[in-house]
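Trainee: only geometry, no sequence info:
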């Protein structure tokens, strides 16, 4: 963790062929109940949980801690029972009754751009969300992470999607990566992967260091990678 951004963990579930959904893009189930419990623990240990625009608008996630026991543990540590919910979205055209805004209790922070109408920003703020406009067409992720650190988020969990993951990795804003790999094959050239975006040339590749491999009872594999700082292009920091 640096002084100007949180310690960032990406967690993602993929199939054996690297897909995060089918070509239908309707949120096909990949994780198992055993893995969901692990992710719930990760959320409970985080100060904030973040998703990108496609996930936010398409899936409308709650991003709350499901386990009553884990929520109670957070309260005994003097924390709110859920971490801060964070959305990164160029046009924050989400419903005011969305689960992202209403499930809780939890603080809600939205980082958006000038593409979001002033009227919508007012509505979101009246709904209790903190809204930050930092960019004309795309959210400035470095500034967004700086804001999160200033608001007390020392540990940030990123839960998708692929475009956001790829950009965070490219910019050197990720410290570790958990990949749950399910014993499934989805196929499909247009099915999403956990790091989409425009892609990187070979010389720009992000290097990972394998920390651990765990075989789960459901037949899946849990891979834990750390990202050495030396592998990040300093021009991107």
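Mentor: Now that the structure is in, tell me what you want to look at. As the structure is a computational prediction, the values presented were derived from the model and not from experiment.
Trainee: Distance check, residue 65 against residue 114.
Mentor: 33 Å (CB to CB, to the nearest Å). The way it works is simple: take the backbone N, C-alpha and C, and place the C-beta from them, glycine included.
Trainee: Would you mind telling me which of those two has the busier surroundings?
Mentor: More neighbours surround residue 65 than the other of residue 65 and residue 114, with 25 against 13 (other CB atoms under 10 Å).
Trainee: Just to check, that one is in contact with residue 81?
Mentor: Yes: at 6.7 Å, residue 65 and residue 81 qualify as touching, with contact defined as CB atoms under 8 Å.
Trainee: between the two, what contacts are shared?
Mentor: Common contacts of residue 65 and residue 81 (CB atoms under 8 Å, 6 or more residues apart in numbering): 71, 74.
Trainee: where does the closest residue to residue 12 other than its chain neighbours land on pLDDT?
Mentor: Closest residue in space to residue 12, ignoring its immediate chain neighbours: residue 194 at 4.3 Å, by CB to CB, 6 or more residues apart in numbering. Note for residue 194: predicted pLDDT of 95.
Trainee: Tell me, how many residues neighbour residue 194?
Mentor: Neighbour tally, residue 194, other CB under 10 Å: 20.
Trainee: now swap in residue 50 and tell me
Mentor: 30.
Trainee: Within the sheet, what are the partner strands of the helix or strand harbouring it, with directions?
Mentor: For residue 50, the host element (DSSP states H and E) is strand 48-52. Using DSSP bridges, the strands paired with strand 48-52 in its sheet are strand 84-88 (parallel), strand 155-158 (parallel).
Trainee: Tell me which of the ones you listed approaches residue 136 most closely.
Mentor: Residue 136 lies closest, by CB to CB, to one member of the strands paired with strand 48-52: strand 84-88, at 15.0 Å.
Trainee: C-terminal to that closest one, what's the next element?
Mentor: Next along from strand 84-88, by DSSP H and E: helix 99-102.
Trainee: ok, and what's touching the helix or strand bottoming out on mean pLDDT in the chain?
Mentor: In the chain, no helix or strand scores lower on mean pLDDT, DSSP states H and E than helix 53-59, which sits at a mean of 93. Contact with helix 53-59 is made by 25, 27, 51, 61, 87-91, 93-94, 100, 159-161, 163-164, as judged by CB under 8 Å, 6+ apart.
Trainee: Heading C-terminal from the lengthiest strand in the chain, find the next helix or strand.
Mentor: Identified as the longest strand of the chain according to DSSP state E is strand 7-15. Heading C-terminal from strand 7-15, the first helix or strand you meet, by DSSP H and E, is helix 33-44.
Trainee: for that following helix, which positions count as buried?
Mentor: 35, 38, 39, 40, 42, 43, 44 (16 or more other CB atoms under 10 Å).
Trainee: Next, the contact list for the last one, please.
Mentor: By that I understand residue 44. 65, 67, 70, 71, 73, 74, 83.
Trainee: Paired strands for the helix or strand where residue 179 lies, with orientation please.
Mentor: Per DSSP H and E: residue 179 is located in strand 176-182. Partner strands and pairing direction for strand 176-182 (DSSP bridges) are strand 7-15 (parallel), strand 221-226 (antiparallel).
Trainee: Right, I'll leave it there.
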